[in-house]
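Q: Mind folding the following:
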Amino acid sequence: MLRVLAVDDEKPLLEELLYLLRSDPRVASAEGASDATQALRRVSRALESGPDGPDGIDVVFLDIHMAGLTGLDIARLLAGFARPPLIVFVTAHEGFAVQAFDLKAVDYVLKPVRPERLAEAVRRACAQLGRAAPAEEEAAPPSPVPPARRRARPEPVGADRAADQIAVELGGVTRFVAIADIAYVEAQGDYARLHTDEGSHLVRIPLSTLEERWAARGFVRIHRRHLVALSRIDELRLEAGTTSVRVGPAELQVSRRHARALRDLLMRRATG
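A: Below you'll find the model as predicted:
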C-alpha cells in the first residue's frame, strides 16, 4: 500500500488527481499540496520521519509547470537525499520526458489523466517498491463519479436531450449530467463545480457563463461564488444581519448585493 503526495498548483486539477488516487485500492493515503513550498515542507517531514515512520511518503505525483519552483526543480532537490520518495510526473507537456527520466522518474503521465494510465503509474511504483497488490485488489480504473442516490426524473429524448444535459470529463471519461439534477454551482477560478445529490463534477466553464445559460432554468446568482437552482432551496435564513440558504445539506452565504432580489424571487415563487 502506497502513501502518496500529489502536487499541482491548479486546485481543481489537484482535487481530480487526488480523487483518482484515493479510488485505487493500492493507495493507502493521498495528500495534496498546491505549491512547491507546501510540497517541500511535507516531504521534509516525511524524510525526517523515515520511510517507515508515521509521516513517510512513498511516491510524489508531481506537476511540472508551477509558479516558483517547477516540478523538475523539486525532483532535483529530492534526488540529493539518501532515500527520497519515488517521483511520477503528471503534466500536460510532452517535452520534458527526457529530463524527467534522467531524474529517475518512475513514470511520466500526460494530462488529461486517464484512470487506466494513472493505475499503470501506481502499478509501476508498487513494483519498484516491492509492494505488489494482492490479486483481488488489482486496480480497475476508478468510476468517474462516486456511487450515490440518483433523483428520479423523466428521460429527455431526441434533440432536447443535449439541451437538458451538460458534459463533464474526469480522467478522459465523458459523462452527461442532467441540469435538473444540479442543486448549485460553485466557482473555482476558470472552472465551475456542479453539485448534485450524487456528488460533484468539474467543468471548465466560468460561473458567469452558466449564470447566463441557465437563468431561464431557474438558476439564480446568490454570491460571487455560487449559483443556485431556485427550486432546490429548502430554507432562507436571516441571522445577525447575514442571509444564507440551505440547499440539501449545504448552507450557502448570500451576498448583500443579491439578498433582496433572492427574497423577492422566493416570495413570488411561494405565492405562485
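
Q: Tell me which helix or strand residue 193 sits in.
A: Using DSSP states H and E, residue 193 maps to strand 191-196.

Q: so what strands line up beside that strand?
A: In the sheet, strand 191-196 lines up against strand 182-188 (antiparallel), strand 200-203 (antiparallel) (DSSP bridges).

Q: from those, which stretch is densest packed?
A: Mean neighbour count (mean count of other C-beta atoms under 10 Å) peaks for strand 182-188 among the strands paired with strand 191-196, with a mean of 21. Using the backbone N, CA and C atoms, a C-beta is placed for each residue, glycine as well.

Q: Put the alpha carbons of it into CSV.
A: As requested, the backbone C-alpha atoms of strand 182-188 are provided in CSV (Å, rounded to 0.1, in the frame of the first residue of the first chain):
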residue,chain,number,x,y,z
ILE,A,182,-27.8,20.1,-10.2
ALA,A,183,-28.6,21.8,-6.9
TYR,A,184,-25.9,24.5,-7.0
VAL,A,185,-22.7,25.5,-8.7
GLU,A,186,-19.5,26.7,-7.1
ALA,A,187,-16.9,28.9,-8.8
GLN,A,188,-13.4,27.6,-8.8
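
Q: Check the spacing between residue 186 and residue 255 real quick.
A: Separation of residue 186 from residue 255 (C-beta to C-beta, to the nearest Å) stands at 14 Å.

Q: and residue 117, which of the three is it?
A: What DSSP: H, G, I helix; E, B strand; the rest coil gives for residue 117 is helix.

Q: Worst mean pLDDT across the helices and strands of the chain, which element?
A: Ranked by mean pLDDT, DSSP states H and E, the helix or strand of the chain with the weakest confidence is helix 160-163, at a mean of 54.

Q: any idea which helix or strand comes after that helix?
A: Per DSSP H and E, helix 160-163 leads on to strand 165-170 as the next helix or strand towards the C-terminus.

Q: partners of the helix or strand following that next one, with directions?
A: Once the chain leaves strand 165-170, the next helix or strand it forms, by DSSP H and E, is strand 173-178. With DSSP bridges as the test, strand 173-178 is paired with strand 165-170 (antiparallel).

Q: what pLDDT, on average, does the strand it pairs with get?
A: The average of the pLDDT scores along strand 165-170 is 82.

Q: same question, stretch 55-75
A: 92.

Q: Please spell out which residues along that stretch are buried.
A: 56-64, 66, 70-72, 74-75 (16 or more other C-beta atoms under 10 Å).

Q: List the ones among these that fall in strands.
A: Using DSSP state E, the subset of the buried residues of stretch 55-75 located in strands is 59-62.

Q: what's residue 10 sitting at in phi/psi?
A: The phi/psi pair for residue 10 (degrees, to the nearest 10) reads phi -100, psi 110.

Q: residue contacts, it?
A: By C-beta atoms under 8 Å, 6 or more residues apart in numbering, the residues touching residue 10 are 63, 189.

Q: cutoff 10 Å now
A: Taking C-beta atoms under 10 Å, 6 or more residues apart in numbering, we find residue 10 in contact with 16-17, 34, 63, 65-66, 92, 111, 188-191.

Q: Equivalent analysis for residue 63, please.
A: Applying C-beta under 10 Å, 6+ apart, the residues contacting residue 63 are 6-10, 13-14, 17, 34, 36, 39, 70-71, 74, 89-93, 111.

Q: Mind checking which of those residues are buried?
A: Buried members of these, scored by 16+ other C-beta under 10 Å, are 6-10, 13-14, 17, 34, 36, 39, 70-71, 74, 89-91, 111.

Q: now, which of those lie within helices?
A: Residues from those lying in helices, with DSSP state H as the criterion: 13-14, 17, 36, 39, 71, 74.

Q: Cool, thanks, talk later.
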